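K.L.:
need a 3D model of the sequence below.
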Amino acid sequence: MQRLLVWILLILGVFWLLKRLGRGARAHQPARAVGRMVRDRVCQTFLPEERALRLEAAGAIHYFCSAACRDRFLAPARPA
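P.N.:
Here you go, the predicted model:
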């Protein structure tokens, strides 16, 4: 009876280990396709449109990666 229990636990442990290893292999697959990519007007970073901050100004739509880039875009230009 004890041997049977040990064998069952050993088999379950092997299956658990194989399952864990299988998850690690999937982590190296290419990233999923994302929607349309847009470019930040300030730092020139590309990011998915659904993650970008959107600003509509003067009839044009501008996209930003962060609030800091958006604020920098909205700040008045300083004389040199």
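K.L.:
where in the chain is pLDDT low?
P.N.:
24-34, 78-80 (pLDDT under 70).
K.L.:
strands of that one, residue ranges please.
P.N.:
37-39, 46-48, 53-57, 60-64 (DSSP state E).
K.L.:
could I get these as a markdown table with mean neighbour count and distance to residue 72?
P.N.:
In this view, the C-beta of every residue, glycine as well, is placed from N, C-alpha and C. Putting these into a markdown table (neighbours: other CB atoms under 10 Å; distance: least, CB to CB, whole Å) gives the following:
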| stretch | mean neighbour count | distance to residue 72 |
| --- | --- | --- |
| strand 37-39 | 15 | 15 |
| strand 46-48 | 13 | 16 |
| strand 53-57 | 11 | 12 |
| strand 60-64 | 17 | 9 |
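K.L.:
of the ones you listed, which is nearest residue 3?
P.N.:
strand 46-48 (55.9 Å; CB to CB).
K.L.:
partner strands of the closest one, parallel or antiparallel?
P.N.:
strand 37-39 (antiparallel) (DSSP bridges).
K.L.:
distance between the partner strand and the chain's centre?
P.N.:
Taking CA atoms, centre = their mean, to the nearest Å, one finds the center of strand 37-39 at 15 Å from the center of the full chain.
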